[in-house]
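*Asks:* Need coordinates for the below:
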Amino acid sequence: MRTILYFTAYLGLILAVVSPSHAYTYASPQSDPLIAGREAYLTAVNGGDWAAAEKALAAFKPDLDLLEAGDDAFAGDKGISAAFSDAIKNKDADAAKAALTRATIDQIDRRLSGASKNINTYQTASTLVASAQAFYTAMAGDLSAATQKTVSSNLQAALDAVGKPGVFGYGAQKPDPSALDAAHKAIMAALRPPSSS
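*Replies:* Just a heads-up that it's a prediction; the model follows:
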């Protein structure tokens, strides 16, 4: 009897670790400098405190450098750093906020591209989708209801597409690269509509 109880508790622990809902906990909004610095940056920009905006920018500038350069999964966004520095230099609040939106969308794109590249490694792929979700959550309040619906549903589709490892072979689902690619494209189409380019 005691053995059965131990096994049940152990099985419950494993299910909690591999469940899709748990995957979203890997990407705390406070864990990324761009997300953590978002409020300070926007507060400074909205208040016209450009010295404070520049200080807030410095906290996540290394992330912008990574976005600028790109990596093996993300082509890079040339000029993203200059978009911030020019907006602050010109004291242009609209441009400063647009730069933040652009960088946040870049991070979503980068994370989903990374998930596609690592789709056969469940832990990595699911963590990257969760990180994309954290960036989306940070900016969701600035989006229309229709865009929120599209992005939210496709982020869930992306998470489903990375599959599930299952428990002792039960409940396993193979990753679906095509479904992940489709969800990624739909998210980017919603966040970067043609008229915005």
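
*Asks:* tell me which helix or strand of the protein sits lowest on mean pLDDT?
*Replies:* Every helix and strand in the chain was compared by mean pLDDT, DSSP states H and E; the lowest is helix 20-23, with a mean of 34.

*Asks:* right, and the helix or strand after it?
*Replies:* Sequence order places helix 33-36 as the next helix or strand after helix 20-23, per DSSP states H and E.

*Asks:* What average pLDDT does that next one get?
*Replies:* The average of the pLDDT scores along helix 33-36 is 96.

*Asks:* Contacts for that helix, please.
*Replies:* 29, 30, 59, 60, 62, 63, 103, 104, 107, 134, 135, 138 (CB atoms under 8 Å, 6 or more residues apart in numbering). Glycine gets a C-beta too; all of them are placed from N, C-alpha and C.

*Asks:* Please compute how far that helix lies from its chain's middle.
*Replies:* 11 Å (CA atoms, centre = their mean, to the nearest Å).

*Asks:* tell me which residues of it are tucked away?
*Replies:* Neighbour-count burial for helix 33-36 flags 34, 35 (criterion: 16 or more other CB atoms under 10 Å).

*Asks:* next SSE after that helix?
*Replies:* Following helix 33-36 in sequence, per DSSP H and E, is helix 38-46.

*Asks:* Tell me where the longest helix sits in the chain.
*Replies:* helix 93-117 (DSSP state H).

*Asks:* right, and the helix or strand after that helix?
*Replies:* Next in sequence after helix 93-117, counting helices and strands by DSSP H and E, comes helix 122-139.

*Asks:* List the buried residues of that next one.
*Replies:* Applying 16+ other CB under 10 Å to helix 122-139 flags 122, 125-136, 138-139 as buried.

*Asks:* Off-centre distance for it?
*Replies:* Worked out by CA atoms, centre = their mean, helix 122-139 lies 4 Å from the chain centre.

*Asks:* now swap in stretch 78-90 and tell me
*Replies:* 22 Å.

*Asks:* Residues touching it, excluding its own?
*Replies:* Counting by CB under 8 Å, 6+ apart, 50, 53-54, 57, 61, 64-65, 67-68, 92-93, 95-96, 98-100, 102-103, 106 sit against stretch 78-90.

*Asks:* Got a quick ChimeraX command for the buried subset of those residues?
*Replies:* One line in ChimeraX is enough to select the buried members of these, burial here meaning 16+ other CB under 10 Å:
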select :50,53,54,57,61,64,67,68,93,95,96,99,100,102,103,106
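
*Asks:* before we move on, the earlier item: of the buried residues of helix 122-139, which is the nearest to residue 38?
*Replies:* Nearest to residue 38 among the buried residues of helix 122-139 is residue 138, at 5.7 Å by CB to CB.

*Asks:* I'd like to know how far the residue nearest to the closest one when sequence neighbours are not counted sits from residue 169.
*Replies:* Excluding the flanking residues, the one nearest residue 138 by CB to CB, 6 or more residues apart in numbering is residue 35, at 4.9 Å. Computed as CB to CB, to the nearest Å, the residue 35 to residue 169 distance reads 37 Å.
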